[in-house]
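**Q** Test case, fold it:
(one chain, ligands or ions: 2)
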Amino acid sequence: MIHYETAGESHGTGITTLISGFPSHLRVDIDFIQNELVRRQKGYGSGPRMKMEKDTVEFLGGVRWKETLGSPISVLVRNRDSVNWKLQMDPLGAPPSDYREVVVPRPGHADLAGTVKYQFTDIRNVIERASARETVGRCVAGSFAKMFLNQLGIGVGGYVESIGGIIAEGEINLEEKIKAAHESELATFDLQATKKMMEAIDEAREKGDSLGGTFVVVAFGMIPGIGDYTSAFRKLDAQLAGGLMSIPSVKGVEIGNGFLSAQLFGSEAHDAIYFNQDRKPFSFFRSTNRAGGIEGGVSTGEPIIVRCAMKPIPTLQKGLPSVDIAEKSDVVSRYERSDVCAVPRGLVVGEAMMAWVIASAVREKFGGDSMNEVKGNFRNYLEYLKDFSTKKTK
Ligand SMILES: Cc1cc2nc3c(=O)[nH]c(=O)nc-3n(C[C@H](O)[C@H](O)[C@H](O)COP(=O)(O)O)c2cc1C
Ligand SMILES: C=C(O[C@@H]1CC(C(=O)O)=C[C@@H](OP(=O)(O)O)[C@H]1O)C(=O)O
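**A** Numbers count the residues shown, from 1 in each chain. Ligands and ions are numbered 1, 2, ... in the order given. Now for the predicted structure:
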């Protein structure tokens, strides 16, 4: 029901995002959207490009006087770096006489597979669109999803859990971890680990290498019944896995205790069901949340917890063995510039994707053309949950 698409190359004019399916009268908080884009640019380990860009949204359609109109929303974020690529990226020009095609693919990037697929000889054509520059558009779309969910009391946040095998630790709850992460240069909550992670990033940079890590994204204020067990494609866990896995360099997605649960007895792995009349609107609850808030592809009402693993950045200053696709000769992969570690930036994109997937399932459940209608349908459902919790059926 909601849909987004992005267009644009990393060094072209900019990234446009076309978003459809949001109701009218959704308040648009421009400061919030801008702040999300600032968050996506930050993080120790970011490369020179992030100092160059100053991502700023320009609305081209769908928003009037700080509210959505119900029509498709079109947003442009310009690439500041594009001034340095005018001739190389000119949509209507021709290659400059001194132009040299990129012929050495980077292992780990889309370079070789993308070039052979689209029958290019110039790897530049792949680099431009496979670049995670595109994720600025995801964060624009995700900001709309977050603003929509916030109106219904659902919030999405997250934190970096590990970088290069250094794991953040601390006996604090999820909300506290996320709050602390907002203050940290690496979006993590453990000060000691942050220091070690920064040292590891420095070491990787000095060695011409790169690092990956893990981040955790969480949705709070969930109600039971979002997503669907009746269709493979509408399962919330499947949608989340797809959305988060689509982020460049994310190679693993885990819902709740996913991989750990494979080693346990059932009695240790599931979340027993309890009842407490004082809990409103839904009186059924769990004292653990090993399932990460989803059973059978449907939200249980507990927070949704998803962990993602990002592989190390593929562009290495020291290079990796590769092959020149024109000459068919052994070479070392090329380097211009790059992030050394992008896990804190990946986290922000992860939050955007989680918000998008949940907003999509919420839109599907509650329909409505205006925010009033959405909220009315939502309130009716809360009433139903209350009845479900209080009325005995036998
Ligand atoms: C926020 C973010 C920033 C990234 N920055 C870089 C970068 O500077 N250099 C690079 O080679 N890869 C970077 N990547 C990763 C590549 O885009 C990614 O590995 C590549 O597109 C291949 O896709 P895959 O890893 O999903 O197979 C970044 C990823 C994200 C999410
Ligand atoms: C531009 C962004 O990320 C880029 C993602 C990226 C890659 O290969 O994925 C490579 C780098 O770009 P460049 O080659 O121009 O230095 C990153 O800076 C961004 O996130 O806005």
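
**Q** got the buried residues for whichever helix in the chain runs longest?
**A** The longest helix of the chain (DSSP state H) is helix 343-366. Residues 343-363, 365-366 are the ones in helix 343-366 that count as buried (16 or more other CB atoms under 10 Å). Where you see a C-beta, it was placed from the backbone N, CA and C, and this is true even at glycine.

**Q** Next secondary structure after it?
**A** Downstream of helix 343-366, the next assigned helix or strand under DSSP states H and E is helix 371-390.

**Q** the inter-axis angle of that next one versus helix 343-366?
**A** 80 degrees (axes from the mean of the first three to the mean of the last three CA atoms, to 10 degrees).

**Q** same question for the helix or strand hosting C139, mean pLDDT?
**A** Assessed by DSSP H and E, C139 sits inside helix 135-150. The average pLDDT within helix 135-150 is 98.

**Q** Any residue of it touching ligand 1?
**A** Yes. Counting by CB under 6 Å from any ligand atom, ligand 1 is contacted by helix 135-150 at T135.

**Q** Can you pull the residues of this protein lying near ligand 1?
**A** Neighbours of ligand 1 within the chain, by CB under 6 Å from any ligand atom: 47, 108-110, 130-132, 135, 247-249, 311, 313-315, 338-339, 342, 345-346, 349.

**Q** How about the spatially most central residue of the chain, nearest residue that isn't a chain neighbour?
**A** Ranked by distance to the mean C-alpha position of the chain (CA atoms, centre = their mean), the top residue is G350 at 2.2 Å. Sequence neighbours aside, V217 is the residue nearest to G350 in space, at 4.7 Å (criterion: CB to CB, 6 or more residues apart in numbering).

**Q** returning to what we had before: quick check, pLDDT for the residue nearest to the centre of the chain.
**A** Among the per-residue scores, G350 holds a pLDDT of 98.

**Q** now the strands for the stretch 201-350 of the chain?
**A** Along the stretch 201-350 of the chain, counting by DSSP state E, counting those that start in this stretch, strands occupy 213-220, 250-255, 274-275, 284-285, 294-295, 298-299, 304-310, 321-323, 330-332.

**Q** Next, format those strands as a markdown table and append mean neighbour count and mean pLDDT.
**A** Formatted as a markdown table, the strands of the stretch 201-350 of the chain follow (neighbours: other CB atoms under 10 Å; pLDDT from 0 to 100):
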| stretch | mean neighbour count | mean pLDDT |
| --- | --- | --- |
| strand 213-220 | 24 | 98 |
| strand 250-255 | 18 | 98 |
| strand 274-275 | 10 | 97 |
| strand 284-285 | 16 | 96 |
| strand 294-295 | 22 | 98 |
| strand 298-299 | 22 | 98 |
| strand 304-310 | 25 | 98 |
| strand 321-323 | 14 | 98 |
| strand 330-332 | 12 | 98 |
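
**Q** Save these as TSV, and put in distance to V83 too.
**A** What follows is the strands of the stretch 201-350 of the chain, written out as TSV (distance: least, CB to CB, whole Å):
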stretch	distance to V83
strand 213-220	33
strand 250-255	31
strand 274-275	61
strand 284-285	56
strand 294-295	46
strand 298-299	46
strand 304-310	30
strand 321-323	30
strand 330-332	30
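
**Q** mind listing what the residue lying closest to G368 once chain neighbours are set aside touches?
**A** Distances taken as CB to CB, 6+ apart put V374 closest to G368, at 3.8 Å, once the chain neighbours are dropped. Neighbouring residues of V374 by CB atoms under 8 Å, 6 or more residues apart in numbering: P23, Q151, L152, R363, F366, G367, G368.

**Q** and the longest helix of the chain with strand 304-310, angle?
**A** Counting by the same axes, to 10 degrees, helix 343-366 lies at 140 degrees to strand 304-310.

**Q** Pull up the gap between the residue lying closest to R78 once chain neighbours are set aside and ligand 2, please.
**A** The spatially closest residue to R78, leaving aside those adjacent along the chain, is G14, at 3.9 Å (CB to CB, 6+ apart). Using CB to the nearest ligand atom, to the nearest Å, one obtains 11 Å as the distance from G14 to ligand 2.

**Q** Same check on G47?
**A** Using CB to the nearest ligand atom, G47 is found at 5 Å from ligand 2.

**Q** Pretty sure that residue sits against R337.
**A** Yes. Using CB atoms under 8 Å, G47 makes contact with R337 at a distance of 5.3 Å.

**Q** Neighbour count: these two, which is higher?
**A** Legend: neighbour count by other CB atoms under 10 Å for G47 and R337, higher for G47 (17 against 10).

**Q** so who does the residue nearest to the more buried one when sequence neighbours are not counted touch?
**A** Excluding the flanking residues, the one nearest G47 by CB to CB, 6+ apart is D339, at 4.4 Å. Residues in contact with D339 (CB under 8 Å, 6+ apart) are G45, S46, G47, R49, M50, S210, I313, R345.

**Q** which ones among those residues are found in helices?
**A** Members of the contacts of D339 lying in helices (criterion: DSSP H): R49, M50, R345.

**Q** Tell me how many other residues surround E199.
**A** 12.

**Q** How about the one 10 residues further on?
**A** Residues contacting D209 under the criterion other CB under 10 Å number 17.

**Q** before we move on, what about E128?
**A** E128 is flanked by 18 other residues according to other CB under 10 Å.

**Q** I'd like the distance between it and ligand 2.
**A** Taken as CB to the nearest ligand atom, the span from E128 to ligand 2 is 9 Å.

**Q** With adjacent residues omitted, what lies nearest to that residue?
**A** Spatially, and ignoring its direct neighbours in sequence, E128 is nearest to E9 (3.7 Å; CB to CB, 6+ apart).
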